[in-house]
Structures are given as structure tokens and as C-alpha cells.
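**Q** 3D model of this:
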Amino acid sequence: MEKLIIGHFYPDLLNLYGDRGNVLALLRRATLRGIEVEVKRISIGDDVSNGDIDIGFIGGGQDSEQNIMADDMKNVKGEVIKQMIEDGVVFLTVCGGYQMLGQYYEEHGGNRIECLGALPHYTKGEKERFINDCIYEIELNGQKIKVAGFENHSGRTFLGEGEKPFMRVIRGHGNNGQDGTEGAVYKNTYGTYSHGSLLPKNPAITDMLLELALKRKYGEDYVLSELSTEVEDLARKQVLDYIEGGIRAAQ
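**A** Residues are numbered from 1 along each chain as shown. The predicted model follows:
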């Protein structure tokens, strides 16, 4: 039987907007296929080594919680996380977790906070927050798919060399409200501003992450078995209809 180990980083500190649902979605769609899954909680004081996990998840949190974990992430677990990312371990990071993997976060007052530096993007904070139900577009296996999401952030993130956008913005602001990009992809690491649990509503992305991890562990010939997305597709359609209906009503 195949087995995947999911490392949930700082679940006691970075737990806003139901982002834990991303871990539950990975767990659910893997176990329904008969794949054994172990979820490891990795927080301050917990050891982690390269090779311990197959998928890493880092969520978002309030500034106070992010400040608590920042020192541990940079100075204790930082080199290991960098090694994992460079070695192709699959990561999904949301909002604060996404920002923390970058080079720095510059507050709107000018104070610069050095981040982990694992990815080349950087973030600048502004007074105005982007708070929206969002619609994105992603291309998977040659097919363009609409993605339902929700954003709540004041940071404007700009991608660096070697990164590409995770998705394209149809509705919302995405990375910075300027270039139409949402999130980042670097090797097998994915960053996004989409809260409210991105994966439960968007099973195609869940399955993409699972297959990437399984191919890395069991070989490039590994093919993820088919599994219905009927319930998830219905949930996504209802969210998309709600957002698009609000757009039409405002016009």
C-alpha cells in the first residue's frame, strides 16, 4: 500500500480561515483511494528532517502568531525547509505561509522584515486590504478550470526569477492587484493567497498535489487512480454562481 506523510507546520499558530481544511482534503481524497496517510504536526520544539514528509502545508495566521513562529521557521527549521523545497518535496503555503517563504515583507511604514528566502518573491504591505471572494483560472492537463477562492490580505507580492504564477485572476486581486497573477509555483512548491480552504472546493488541485507527491515517492510512471469529484464540483459551482451573480448584480 502506498503511504504519504503530510507535515502540517505550526497548526497551533497558523490556523486562520479554515485553512486546515486543505490538509483534510488531501487526507480524504488520498484515503478514499486506499492510500495510507499520516499527518504530522510540526510546531515550535518539534524536530523535522529532510525526508520526513512527502507533502508540507504552511497556513496563514495573525501577525502576532506569525511573529511567534517566524524565529523558529527561519533559524531552526529554515535550512531543512529550504532543502525540502529544492529537493522537490510538495508544499502548499497560504497567505502568511506563502509570504514567509519569500525574501522579505516590507511593512507600509517602511520597516523590512526578513523572511526565509526559500523563494525569490517579496511582499510589500499597504494600508488597504484586499478582501474578496475570488475566481481564478488554472490550466491542468491541458484543460482550463475555474477555481473558487477567498482572499484577505494587505500584502502585495511580486514574483521573482524562477517563479511562475499559480493561477490567473478572473475576479479579485491575487498577488498584488496589478499584474493579474495569483500565487506562485517554484519546483513543487505552491503559494496562494486563497483562504477558506482552497482544496476542498477545488479537487483537481488536490489531486494534482497528491499525484506530484506520489510520483516523487514511487516514480514518474505513477498514475493517481480515478475518483469522483461530483460533490466537490457541486460545491465549487455554487460558490462560483454566487460570486458571478454578485458581479452581475453590481453591473
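**Q** only the buried residues of stretch 104-115, if you could.
**A** With burial defined by 16 or more other C-beta atoms under 10 Å, the residues of stretch 104-115 counted as buried are 105-106, 115. All C-beta atoms are positioned from the backbone trio N, CA, C, and that covers glycine.
**Q** of those, closest to Glu128?
**A** Compare each of those with Glu128 using C-beta to C-beta and the shortest gap goes to Glu106, at 15.3 Å.
**Q** I'd say the closest one and Thr123 touch.
**A** Yes - counting by C-beta atoms under 8 Å, Glu106 does reach Thr123; the two are 7.1 Å apart.
**Q** quick revisit: adding pLDDT, write the buried residues of stretch 104-115 out as CSV.
**A** Conversion of those to CSV gives the following (pLDDT from 0 to 100):
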residue, pLDDT
Tyr105, 93
Glu106, 93
Cys115, 94
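**Q** TSV please, covering these and showing distance to Asn50 and secondary structure.
**A** What follows is those, written out as TSV (distance: C-beta to C-beta, whole Å; DSSP: H, G, I helix; E, B strand; the rest coil):
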residue	distance to Asn50	secondary structure
Tyr105	26	strand
Glu106	30	strand
Cys115	20	coil
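**Q** nearest to Met69, of the residues you listed?
**A** The shortest gap between Met69 and any of those belongs to Cys115, at 12.0 Å (C-beta to C-beta).
**Q** what about the closest one, distance to Gln103?
**A** Counting by C-beta to C-beta, to the nearest Å, the gap from Cys115 to Gln103 is 6 Å.
**Q** Leu13 too?
**A** Taking C-beta to C-beta as the measure, Leu13 and Gln103 are separated by 22 Å.
**Q** how about the contacts made by Arg168?
**A** Taking C-beta atoms under 8 Å, 6 or more residues apart in numbering, we find Arg168 in contact with 136-138, 180-182.
**Q** give me the element it is part of.
**A** Assigned by DSSP states H and E, Arg168 falls within strand 167-171.
**Q** so after that strand, what's the next helix or strand?
**A** Scanning the chain past strand 167-171 towards its C-terminal end, the next helix or strand to appear is strand 181-182 (assignment: DSSP H and E).
**Q** pLDDT of the helix or strand that that next one is followed by, averaged?
**A** For strand 181-182, the following helix or strand on the C-terminal side (DSSP H and E) is strand 184-186. For strand 184-186, mean pLDDT rounds to 98.
**Q** show me what strand 184-186 is packed against.
**A** Under the contact criterion of 3 or more C-beta pairs under 8 Å, 6 or more residues apart in numbering; DSSP states H and E, the helices and strands touching strand 184-186 comprise strand 189-192.
**Q** pull the helix or strand with minimum mean pLDDT from this structure.
**A** helix 63-75 (a mean of 81; mean pLDDT, DSSP states H and E).
**Q** and that helix, what does it pack onto?
**A** For helix 63-75, the helices and strands in contact under the criterion 3+ C-beta pairs under 8 Å, 6+ apart are helix 96-100.
**Q** show me what contacts Lys215?
**A** Shown here is Lys215, whose contacts under the criterion C-beta under 8 Å, 6+ apart are Tyr222.
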